[in-house]
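Enquirer: No sequence on hand, only this structure:
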RNA sequence: UCCCCGGUAGCUCAAUGGCAGAGCGGGUGGCUGUUAACCACUAGGUUGGCGGUUCGAGUCCGUCCCGGGGAGCCA
């Protein structure tokens, strides 16, 4: 047994024969360099999507290993006596190793196929109870079998695209000199977002401390929560390393049941020293454009699938985003445009009020037909940390809206002036004592800085056209749902 | 949390208050370089739960549970 790349202790020098896995080639690599493998003997491993039997001569097995959307057609000649036992057990969902020669295919639908010399069944799947069929399932049904749904075309493609987007985001920021910072999951900052937050405690709710301050006996000796954003901590490192980003899970305990919200989601949050709102907008635009290009260029096969079966518009939207500059619209102008549009909205538009989802969609999908960066919102609508503009009525906030998905980015230039920050905290009813460290950043070497948050799941929804956010995260957490 | 729609076979869905159905999937047999394969036969049901109206309820009423869409919150 030779493992030139591994060193074992003497006692483990020989492993049992059956612990040695054969390493097959990924089906994506077979298709990626088709001509190079034709006529060669290869080993593949994967799961059976379908099998079509020809009692007269051969069986056709569609084998998928998840490396790409396409399955490999395996040809099993029935003349081999050893197949008599294994072929009947090859059912949809079962797992196989197949060895054979890759040949060009005489049939329609695929350029190459594998002539099986040897078939090894890893695990059988009982067709009477295996839930995935050779047909289209509803997303609602697939959510109930989240342990099997990545074996479907749509969910598998979504997982691959999510991976490319995650990697693409890291690459985008790393190429620009950003440092990846891990901000805490558990935090004691409880009022940064107005929304509901998850409590972190080791106390037993069935047996709370009898009296006194319950937190004294709790793990952190104070109230603690799951983070709703890494921004405030990212600012600390931006004011030391210049360009930083966080990329991690985020938690919101809102009782919101929509196709765009999760209780646990992933967010990338860049934070940049010496960036004003315009720099911030430029970076956000470059980032979204780069993600659109990655989808178009590096996920072509999965994109083709989404365009065909999920959302016909997805490709043209991506091309528009990749090519055209974003429309930057001050909030005040947006209100004017909406008021003069003559469009009948369910909610009236008034300066000082939040724009409704219908207003945002109208702007990005009807008026401008491309991504829109809304900036300079009324001060009263936005959190304390956003920088107050010279008019003292608005803050240097920005929301990026994209056609089809709506808000995908929220960000701002941060308030770096100590006196203005303290005034903002007072207006918003936030105690500087609870944010002593945040205030001190303005006392010691404060600089102008900016940042934004980009929701990974919203991004994946945007580039795939998948309508419900619960399909673009492997294990969705929503009110009443934490299975798997 | 609010508004709307829905819950019937493993899945996707039909069924004027009057016999519980189809397609797909499963099983059996047949046929074929097949590819959403095809043909025949066959098994498969507490119509989400509870209560009510009625001679009779999948259908009407009440209530609860679950799911979806929209809204709000936001990523």
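Expert: Nice, I can see it. Everything numeric in this text was worked out from a predicted model, so none of it was measured.
Enquirer: Identify the residues contacting the host helix or strand of residue A:334?
Expert: In this assignment (DSSP states H and E), residue A:334 forms part of helix A:331-340. Helix A:331-340 is contacted by residues A:329, A:345, A:349-351, A:355, A:359, A:362-363, A:367, A:374-378, A:394 when judged by Cβ atoms under 8 Å, 6 or more residues apart in numbering. Glycine gets a C-beta too; all of them are placed from N, C-alpha and C.
Enquirer: Quick check: which of these has the minimum pLDDT.
Expert: By pLDDT, residue A:345 ranks lowest within the contacts of helix A:331-340, coming in at 82.
Enquirer: ok, and the helix or strand in chain A with the lowest average confidence?
Expert: Using mean pLDDT, DSSP states H and E, helix A:34-37 stands out as the lowest-scoring helix or strand of chain A, at a mean of 75.
Enquirer: what's the span of stretch A:456-471 from first residue to last?
Expert: 13 Å (Cα to Cα, to the nearest Å).
Enquirer: how about that stretch: buried residues?
Expert: A:456-467, A:469-471 (16 or more other Cβ atoms under 10 Å).
Enquirer: I'd like to know how far residue A:351 sits from RNA strand B.
Expert: The spacing between residue A:351 and RNA strand B, counted by Cβ to the nearest atom of the strand, to the nearest Å, is 15 Å.
Enquirer: what's around that residue, how many residues?
Expert: 12 (other Cβ atoms under 10 Å).
Enquirer: Same question for residue A:356.
Expert: 15.
Enquirer: ok, for it, nearest residue in space, not its chain neighbours?
Expert: residue A:347 (4.6 Å; Cβ to Cβ, 6 or more residues apart in numbering).
Enquirer: tell me the contacts of the residue of the stretch 151-300 of chain A found nearest RNA strand B?
Expert: Nearest to RNA strand B in the stretch 151-300 of chain A, going by Cβ to the nearest atom of the strand, is residue A:256, at a distance of 3.1 Å. Applying Cβ under 8 Å, 6+ apart, we find residue A:256 in contact with residue A:479.
Enquirer: What is the three-state secondary structure of it?
Expert: Using DSSP: H, G, I helix; E, B strand; the rest coil, the structure places residue A:256 in coil.
Enquirer: Could you measure from it over to residue A:146?
Expert: 20 Å (Cβ to Cβ, to the nearest Å).
Enquirer: now residue A:419
Expert: 51 Å.
Enquirer: just to revisit the earlier point, was I right to think the residue nearest to residue A:356 contacts residue A:354?
Expert: No: if you go by Cβ atoms under 8 Å, residue A:347 and residue A:354 don't touch, sitting 9.1 Å apart.
Enquirer: which helices and strands sit right next to the helix or strand that contains residue A:410?
Expert: For residue A:410, the element it lies in under DSSP H and E is strand A:406-414. Counting contacts by 3 or more Cβ pairs under 8 Å, 6 or more residues apart in numbering; DSSP states H and E, strand A:406-414 packs against helix A:277-298, helix A:357-361, strand A:394-402, strand A:449-455, helix A:456-464.
Enquirer: For residue A:425, find the nearest of those.
Expert: strand A:394-402 (13.6 Å; Cβ to Cβ).
Enquirer: Where is pLDDT lowest across the buried residues of stretch A:456-471?
Expert: residue A:467 (89).
Enquirer: With adjacent residues omitted, what lies nearest to that residue?
Expert: residue A:259 (5.9 Å).
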